[in-house]
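> turn this into a model:
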Amino acid sequence: MNDHIGVVEDDTNIQNIVSAYLKKEGFHVTVMDSAEKAWELWETQPPDMWILDIMLPGMDGYEFCKKIRNESNVPIIIISAKDDEIDKILGLELGGDDYLTKPFSPRELLARVKRVFKRSQPQVKMSEVGHDKLKVDNLLIHESDRRIFWSGEEQDVTTKEFDMLLLFAENVNRAFSREELLVKIWGEDYFGSDRAVDDLVKRIRKKLSDIPLETVWGYGYRLRSEEDQT
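Take a look at the predicted model:
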């Protein structure tokens with residue numbers, strides 16, 4: 001395992017603990033104490049994942065997350081002492097793949113790192129090579145290399161946006177509750193608000209104009225397809 005993780009954290013103690021745990025698991029780790037230094041690294045030796053504190057000197061973590069998302073869908077795990085629901089929602093809305101509140105267990109962080117990597121990297125099933133394309137009306141999904149096309153044009157999507165679109169496309173016209181979506185997209189150990197689901201749907205609708213991703217009032221969402229009505 002040689003994935004490169006950039007850790008952006010100004011607390012020396014947390015830097016040392018996180019770095020030690022990640023290196024023990026075989027990750028290549030670069031530690032920085034500011035978003036400005038992290039941006040320099042991004043332009044020269046971009047990591048495969050960011051672990052990002054919010055409260056940093058100079059540019060804060062939210063602004064850095066926004067800048068990264070303007071250029072890439074590289075996984076970002078946010079770690080922060082800010083535990084208000086609005087802070088978590090903002091972090092996820094800006095493109096964070098996960099949000100972990102301080103203080104946290106290094107083992108929990110490591111588990112989330114592995115889970116986010118697993119979700120974000122292509123998973124090719126040998127029995128499906130050559131048959132990994134899923135089409136629902138104007139939506140085309142290349143599952144093995146995690147690419148999304150809408151009305152013939154490729155779209156830049158985050159890890160969770162891809163996961164949600166794939167789930168809906170595999171279950172056309174089925175309504176999912178917000179609670180189901182939280183478990184299937186964020187995992188059973190996610191304890192945030194189900195508003196994260198609404199925010200993710202909002203981002204997908206903004207990127208894929210006119211996608212028939214319908215609200216099932218008081219329940220959740222479904223992807224409607226006239227071609228698959230039963």
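
> drop to CA atoms for contacts and neighbour counts, all remaining ones
OK.

> so after the longest helix anywhere in the chain, what's the next helix or strand?
When every helix of the chain is counted residue by residue (DSSP state H), the longest turns out to be helix 106-120. Heading C-terminal from helix 106-120, the first helix or strand you meet, by DSSP states H and E, is strand 133-136.

> that next one packs against which elements?
Of the remaining helices and strands, those touching strand 133-136 by 3 or more Cα pairs under 8 Å, 6 or more residues apart in numbering; DSSP states H and E are strand 139-142, helix 159-170.

> next up, the contacts around Met32.
Gly6, Val7, Val8, Glu9, Asp10, Ala38 (Cα atoms under 8 Å, 6 or more residues apart in numbering).

> one more: Ser120?
Applying Cα under 8 Å, 6+ apart, one finds that Ser120 lies in contact with Pro75, Thr159.

> if we use 6 Å, what do you get?
Under the criterion of Cα atoms under 6 Å, 6 or more residues apart in numbering, the contact list for Ser120 reads Thr159.

> what distance do you get for it to His142?
Distance, Ser120 to His142, using Cα to Cα, to the nearest Å: 14 Å.

> identify the contacts common to these two.
In contact with both Ser120 and His142: no residue, using Cα under 6 Å, 6+ apart.

> follow-up on the earlier one: now the angle between helix 159-170 and the longest helix of the chain, please.
Angular relation of helix 106-120 and helix 159-170 on a 0 to 180 degree scale: 50 degrees, by axes from the mean of the first three to the mean of the last three Cα atoms, to 10 degrees.

> got the buried residues for helix 106-120?
Within helix 106-120, the residues that count as buried by 16 or more other Cα atoms under 10 Å are Pro106, Leu109, Arg112, Val113, Val116, Phe117, Arg119, Ser120.

> how much space separates the last one from Thr158?
When distance is defined by Cα to Cα, Ser120 is 9 Å away from Thr158.

> over to the fourth one?
For Val113, the distance to Thr158 under the criterion Cα to Cα works out to 16 Å.

> do the same with the first one
Distance, Pro106 to Thr158, using Cα to Cα: 25 Å.

> with the fifth one instead?
Per Cα to Cα, Val116 is found 11 Å from Thr158.

> and if you look at Leu167?
From Leu167 over to Thr158 the distance is 14 Å, taken as Cα to Cα.

> comparing these two, which residue is more hemmed in?
Taking Leu167 and Thr158 together and counting by other Cα atoms under 10 Å, Thr158 has the greater number of neighbours (22 against 17).

> what's the closest non-adjacent residue to that one?
Nearest in space to Thr158, with sequence neighbours left out and distances taken as Cα to Cα, 6 or more residues apart in numbering, is Asn73 at 5.2 Å.

> so that neighbour, which state does it fall into?
Under the three-state scheme (DSSP: H, G, I helix; E, B strand; the rest coil), Asn73 adopts coil.

> what's the following helix or strand after the one helix or strand in the chain whose mean pLDDT sits lowest?
Scoring the helices and strands of the chain by mean pLDDT, DSSP states H and E places helix 85-93 at the bottom, with a mean of 79. Sequence-wise, the next helix or strand beyond helix 85-93 is strand 98-101, with elements assigned using DSSP H and E.

> next, Phe149: secondary structure please.
Using three-state DSSP, the structure places Phe149 in strand.

> please report the distance of it from Leu139.
6 Å.

> just Gly218 next, same as before
When distances are taken as Cα to Cα, Gly218 and Leu139 turn out to be 26 Å apart.

> Asp97 now?
Remark: distance between Asp97 and Leu139 (Cα to Cα) = 23 Å.
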